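K.L.:
Need coordinates for the below:
(2 chains)
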Protein chains: 2
Amino acid sequence: MQRIVVLAGGIGGARFLRGLMSAVPDADITVIGNTGDDIHLFGLKVCPDLDTVMYTLGGGIHEEQGWGRAGESFAVKEELAAYGVGPEWFGLGDRDFATHIVRTQMLAAGYPLSAVTEALCARWKPGVRLLPMSDDRIETHVLIDDSESGDGARKAVHFQEYWVRMRASVDAHAIIPVGAEQAKPAPGVLEAIAAADVVLFPPSNPVVSVGTILGVPGVREAVADAAAPVIGLSPIVGGAPVRGMADKVLAAVGVESTAAAVARHYGSGLLDGWLVDSVDAAAVAEVEEAGIRCRAVPLMMTDVEATAAMARAALALAEEVRA
Amino acid sequence: MQRIVVLAGGIGGARFLRGLMSAVPDADITVIGNTGDDIHLFGLKVCPDLDTVMYTLGGGIHEEQGWGRAGESFAVKEELAAYGVGPEWFGLGDRDFATHIVRTQMLAAGYPLSAVTEALCARWKPGVRLLPMSDDRIETHVLIDDSESGDGARKAVHFQEYWVRMRASVDAHAIIPVGAEQAKPAPGVLEAIAAADVVLFPPSNPVVSVGTILGVPGVREAVADAAAPVIGLSPIVGGAPVRGMADKVLAAVGVESTAAAVARHYGSGLLDGWLVDSVDAAAVAEVEEAGIRCRAVPLMMTDVEATAAMARAALALAEEVRA
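P.N.:
Numbers count the residues shown, from 1 in each chain, chains lettered A, B, ... in the order given. You can find the predicted model right below:
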């Protein structure tokens, strides 16, 4: 059985995983999920990326939206607002609240996040082994101009505040993974990478999703040292992010929003192969010059079949690298 | 302005208060609420009696049910059950959850329950000053037979488990207010009693509502020493509780379920006056023999007007006592 490790963010990662599972239903898939987006809201621990993967693969996702629960209601949030308790900009639904209540209770009882995630997945049966990148608290903060100070000062805001409340409408000067230096990979993370037949970077955000996972001490090294081919799929198509506002955080780390620039950002020390979209076929030569095997294929995850084709192309490129 | 202090449990206390406010809309009413029924569920602090008073007087109560919110939904609870997380027997609705989330957050931030209750009431504007009996944790437990042990052993269960889950279906051998000995009255409780023109015991449960409040060290003495007349209304009509299962907990403290027995249980050291229902007119002489002024009037809280008439009768009895 093929052992596949996927470093996944939220919506893009989850949708890619669904295609991958459709392409290789018998594979043994371990997902290392980004927890840098985690946030404490209303005294509850919210793990948006882990939940998006869990709900998507477990059949509970709001399909159109890509995050949150299908058939969701918002009575708790409305009531909290009536008490003047926010933030109102974060869309926590009633069904979703239950997940965070269970998680928070288990964490308070002393279980690490990895054990909590396993317990939640016992209900959702996502069909993959879902691991948080770390049991330690890591929070992605974004450095922006402090518009209220007026003297050129900057301030750091939580990633969710930047992404969800501000819709990345101002420039990000730096991405700061608070707590990362002291963090350890969750149990099983390094072992899964070492034992993998293939490591995949789905078209998730290269900075605040895959980049945050790679930033957990030991993970980047484990991926670089892995015996398995490491294959990535570009989240940038035709010079713009397929979804989300990846260009804003790429700019923060000095990377152009092009398929080739993202490949070079990961680098040949990490990546063995890279898929760009057919519209970016001209980038193939540039990526290969950087020492990364590259192919151009359709990279729009319009439906499960199109996404499965992307996954098959990634696995084929892995075989090519291996050969 | 007449200063009235009311020692209130949940549904009965709340409905009586609505009648009282209708009878004397200009009165300055302080409610000392029972917190012995409080319970931690799903990591959240739930105060059923305080909330019932707050929702009832604030216009948010589920009228027919007497507890919980009007227009309530149960998505969170259903989801928790899907995770296998209970108890399922406690009916926490989505709107209600928000109250407990706000309360738990404020308690975690270091605010005492009295300050939290004041903050919640800033939204509900109940028209009374609602004080918890204590900021300290007191939990009413009920001693019952341990049916699983089979050797005559007994066990203590949380009051809510006895009352809501078991519907008081087994005998209570004792009522144990865990934590009461170490507790202090909440700020303002003793001062309100001392400054009152009238102290009222509504037809709340004499053991697990009014009795629990009186059991907070200093409260019984403050009521006994109060300059104001102390007037109670019988929750027992025609030998049975008007609502709830007060007979079960009265038996646990060796008190018959009659209007006169409850008056003697409080005693002339506490009570100056006692109202029994018209059907219990024969009990008046017995109560007066015990040194408590007594009148028989209709005591069924069928609607606000009937309840207001009860409140007027209680205040008239207070005047009579005072004269």
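
K.L.:
What residues of the helix or strand hosting residue A:311 count as buried?
P.N.:
Using DSSP states H and E, residue A:311 falls within helix A:304-322. Buried positions in helix A:304-322, judged by neighbour count with 16 or more other Cβ atoms under 10 Å in any protein chain shown: A:307-315, A:317-318, A:321. C-beta coordinates here come from the backbone N, C-alpha and C atoms, glycine included.

K.L.:
Show residues contacting it.
P.N.:
Contacts to helix A:304-322, defined as Cβ atoms under 8 Å, 6 or more residues apart in numbering or on different chains, come from residues A:2, A:4, A:15-16, A:18-20, A:22-24, A:197-198, A:200, A:228-229, A:231, A:233, A:272-273, A:275, A:293, A:295, A:297-301.

K.L.:
Would you mind measuring the gap between the ends of stretch A:192-207?
P.N.:
Distance between the two ends of stretch A:192-207: 22 Å, counting by Cα to Cα, to the nearest Å.

K.L.:
which residues in the stretch 101-250 of chain A form strands?
P.N.:
With strands called from DSSP state E, counting those that start in this stretch, the stretch 101-250 of chain A shows them at A:129-132, A:139-145, A:154-158, A:174-178, A:198-201, A:230-233, A:236-237, A:240-241.

K.L.:
mind saving the C-alpha coords of the first one as PDB?
P.N.:
The C-alpha trace of strand A:129-132 is given here as PDB (Å, rounded to 0.1, in the frame of the first residue of the first chain):
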ATOM      1  CA  ARG A 129      -4.700   9.800   9.400                       C
ATOM      2  CA  LEU A 130      -5.000  13.500  10.300                       C
ATOM      3  CA  LEU A 131      -2.200  14.900  12.500                       C
ATOM      4  CA  PRO A 132      -1.800  18.400  13.700                       C
END
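
K.L.:
on contacts alone, who are the packing partners of it?
P.N.:
Packed against strand A:129-132 by the contact rule (3 or more Cβ pairs under 8 Å, 6 or more residues apart in numbering or on different chains; DSSP states H and E) you find strand A:28-33, helix A:48-58, helix A:113-124, helix A:189-195.

K.L.:
Tell me the bridge partners for the residue lying closest to residue A:152 once chain neighbours are set aside.
P.N.:
Excluding the flanking residues, the one nearest residue A:152 by Cβ to Cβ, 6 or more residues apart in numbering or on different chains is residue A:145, at 7.5 Å. When bridges are called by DSSP bridges, residue A:145 pairs up with residue A:154.

K.L.:
ok, residue A:145 touching residue A:157?
P.N.:
No: with contact defined as Cβ atoms under 8 Å, residue A:145 does not count as touching residue A:157 (10.8 Å).

K.L.:
Now do the buried residues in the helix or strand hosting residue A:100.
P.N.:
If you go by DSSP H and E, residue A:100 is part of helix A:94-108. Across helix A:94-108, burial judged by 16+ other Cβ under 10 Å covers A:94-107.

K.L.:
Can you narrow those residues down to the ones near chain B?
P.N.:
Restricting the buried residues of helix A:94-108 to those touching chain B (Cβ under 8 Å from any Cβ of the partner chain) yields A:94-95, A:97-99, A:101-102, A:104-105.

K.L.:
What is the nearest of those to residue B:83?
P.N.:
Ranked by distance to residue B:83 (Cβ to Cβ), those are led by residue A:102 at 5.0 Å.

K.L.:
Contacts only, for that closest one.
P.N.:
Residue A:102 neighbours (Cβ under 8 Å, 6+ apart): A:116, A:119-120, B:42, B:80, B:83, B:85.

K.L.:
Just the terminal-to-terminal distance for stretch A:156-164.
P.N.:
End to end - Cα to Cα - stretch A:156-164 spans 15 Å.

K.L.:
Not counting sequence-adjacent ones, nearest residue to residue A:205?
P.N.:
With Cβ to Cβ, 6+ apart as the criterion, residue A:205 has its nearest non-adjacent residue at 4.9 Å, and that residue is residue A:246.

K.L.:
Was I right to think that neighbour contacts residue A:256?
P.N.:
No: Residue A:246 is not in contact with residue A:256 according to Cβ under 8 Å; the separation is 11.5 Å.

K.L.:
quick one: which of the two has more around it?
P.N.:
residue A:246 (26 against 15; other Cβ atoms under 10 Å in any protein chain shown).

K.L.:
Check what pLDDT the more buried one gets.
P.N.:
pLDDT, residue A:246: 89.

K.L.:
Report the separation between it and residue A:203.
P.N.:
Residue A:246 sits 9 Å away from residue A:203, going by Cβ to Cβ, to the nearest Å.

K.L.:
Can you pull out the low-pLDDT segments for chain A?
P.N.:
By pLDDT under 70, chain A has no low-scoring segment.

K.L.:
Residues of it that sit close to chain B?
P.N.:
Residues of chain A found near chain B (Cβ under 8 Å from any Cβ) are A:42-44, A:72-73, A:75-80, A:82-85, A:93-95, A:97-99, A:101-102, A:104-105, A:108, A:120, A:123.

K.L.:
Can you tell me how far residue A:284 is from residue B:51?
P.N.:
In terms of Cβ to Cβ, residue A:284 sits 64 Å off from residue B:51.

K.L.:
whoops, residue A:185 was the one
P.N.:
44 Å.

K.L.:
Which of these two has more residues huddled nearby?
P.N.:
Under the neighbour definition other Cβ under 10 Å, residue A:185 and residue B:51 were set side by side, and residue B:51 has more, 28 against 24.

K.L.:
from memory that one sits against residue B:96, does it?
P.N.:
Yes: counting by Cβ under 8 Å, residue B:96 is a contact partner of residue B:51 at 7.2 Å.

K.L.:
check contacts around the closest residue to chain B within the stretch 151-300 of chain A.
P.N.:
Proximity to chain B, evaluated over the stretch 151-300 of chain A using Cβ to the nearest Cβ, is greatest for residue A:158 at 17.3 Å. Counting by Cβ under 8 Å, 6+ apart, residue A:158 touches A:39, A:139-142.

K.L.:
One more: residue A:119?
P.N.:
Contacts for residue A:119 (Cβ under 8 Å, 6+ apart) come out as A:102, A:106, A:111.

K.L.:
Closest to chain B out of these?
P.N.:
Nearest member of the contacts of residue A:119 to chain B, counting by Cβ to the nearest Cβ, is residue A:102, at 5.0 Å.

K.L.:
Quick check: closest non-adjacent residue to the residue of the stretch 201-323 of chain A found nearest chain B.
P.N.:
Nearest to chain B, among the residues of the stretch 201-323 of chain A, is residue A:304, at 25.0 Å (Cβ to the nearest Cβ). Among residues not flanking residue A:304 along the chain, residue A:22 sits closest, at 5.3 Å (Cβ to Cβ, 6+ apart).

K.L.:
and that neighbour, how many residues sit next to it?
P.N.:
By other Cβ under 10 Å, the residues close to residue A:22 number 15.

K.L.:
residues contacting residue A:192?
P.N.:
When contacts are counted by Cβ under 8 Å, 6+ apart, residue A:192 touches A:3, A:5, A:30, A:32, A:129, A:131.

K.L.:
Dump those residues to CSV, plus distance to residue B:208.
P.N.:
Shown next, in CSV, are those (distance: Cβ to Cβ, whole Å):
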residue, distance to residue B:208
A:3, 59
A:5, 57
A:30, 53
A:32, 52
A:129, 49
A:131, 48
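
K.L.:
quick one: which of those residues is most hemmed in?
P.N.:
Neighbour counts for those peak at residue A:32, which has 30 neighbours (criterion: other Cβ under 10 Å).

K.L.:
quick one, what contacts that residue?
P.N.:
Taking Cβ under 8 Å, 6+ apart as the contact definition, residue A:32 lies against A:5-8, A:131-133, A:189, A:192-193, A:213, A:219.
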